[in-house]
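Q: quick one: sequence and predicted model below, then my questions.
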Amino acid sequence: DQQVKQNSPSLSVQEGRISILNCDYTNSMFDYFLWYKKYPAEGPTFLISISSIKDKNEDGRFTVFLNKSAKHLSLHIVPSQPGDSAVYFCAASGAGNNRKLIWGLGTSLAVNP
Amino acid sequence: DAGITQSPRHKVTETGTPVTLRCHQTENHRYMYWYRQDPGHGLRLIHYSYGVKDTDKGEVSDGYSVSRSKTEDFLLTLESATSSQTSVYFCAISGTGPSFYGYTFGSGTRLTVV
């Protein structure tokens, strides 16, 4: 029973356009959400996060939007670059669980030149 | 990331043999985690530690044990390796305070059980 779902296993975007990666969750007790990026043969690296008290967080080309009523968050990458090609994981955490992160299965993004 | 290292990076072992993977951190972080990554399954938590000698099971702990005798080291042991344990293993660390929720991952250990 997946509490964090990334329903698109893959996404292909043209360089310079917007990439939108989506994530849905089921547990309303989650209070923190994160996005990680993973290149082949490397460990995941933290990209951006958002607290449940906010609905938007921006860091350069990356923006995460949170819609609590819909239990949905999305990561926008504008403009997309070939170096953004990677697997993106959505993760969530809530109080009282030793801060374990609950992970989605990932979305593989390909940015084509 | 220089603050966390995993060893070995690659290992091939035979079915039935014990295997120990090591995770070493220099960040003095309280929390440490062992994950495995497999196609179609994302990242699955094996075991985690919330302090020296304090460990707990994750979602796929069967066949694995861990030990943490020092803050900086977290060992993952496959008691008797099986082919289903062929995977890429990642260690992660997490501190407390403002950066608490961010995990830092090691580069991974690719384990093949033949």
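A: Here it is on my side, so go on.
Q: from the chain's centre, how far out does the strand of greatest length in chain B sit?
A: Secondary structure of chain B read by DSSP state E shows that its longest strand is strand B:42-51. Averaging C-alpha positions (CA atoms, centre = their mean, to the nearest Å) puts strand B:42-51 7 Å from its chain's average.
Q: now stretch B:14-22
A: For stretch B:14-22, the distance to the chain centre is 13 Å (CA atoms, centre = their mean).
Q: run through who's touching that stretch.
A: Stretch B:14-22 has contacts (CB atoms under 8 Å, 6 or more residues apart in numbering or on different chains) with B:6-8, B:11, B:13, B:34, B:73-83, B:89, B:91, B:109, B:111, B:113-114. Just so you know, the C-beta spots here come from the backbone N, C-alpha and C atoms, and that holds for glycine as well.
Q: if we can go back for a sec, what packs against the longest strand of chain B?
A: Strand B:42-51 is packed against strand A:102-103, strand B:31-38, strand B:54-57, strand B:64-70, strand B:73-78, with contacts defined by 3 or more CB pairs under 8 Å, 6 or more residues apart in numbering or on different chains; DSSP states H and E.
Q: identify whichever of the ones you listed lies nearest to A:Ile53.
A: Closest approach to A:Ile53 among the helices and strands packed on strand B:42-51 (CB to CB): strand A:102-103, 19.0 Å.
Q: just to revisit the earlier point, format the helices and strands packed on strand B:42-51 as JSON lines; extra columns: mean neighbour count, distance to A:Thr45 and mean pLDDT.
A: Formatted as JSON lines, the helices and strands packed on strand B:42-51 follow (neighbours: other CB atoms under 10 Å in any protein chain shown; distance: least, CB to CB, whole Å; pLDDT from 0 to 100):
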{"stretch": "strand A:102-103", "mean neighbour count": "22", "distance to A:Thr45": "14", "mean pLDDT": "91"}
{"stretch": "strand B:31-38", "mean neighbour count": "23", "distance to A:Thr45": "14", "mean pLDDT": "94"}
{"stretch": "strand B:54-57", "mean neighbour count": "14", "distance to A:Thr45": "25", "mean pLDDT": "94"}
{"stretch": "strand B:64-70", "mean neighbour count": "16", "distance to A:Thr45": "24", "mean pLDDT": "97"}
{"stretch": "strand B:73-78", "mean neighbour count": "20", "distance to A:Thr45": "20", "mean pLDDT": "98"}
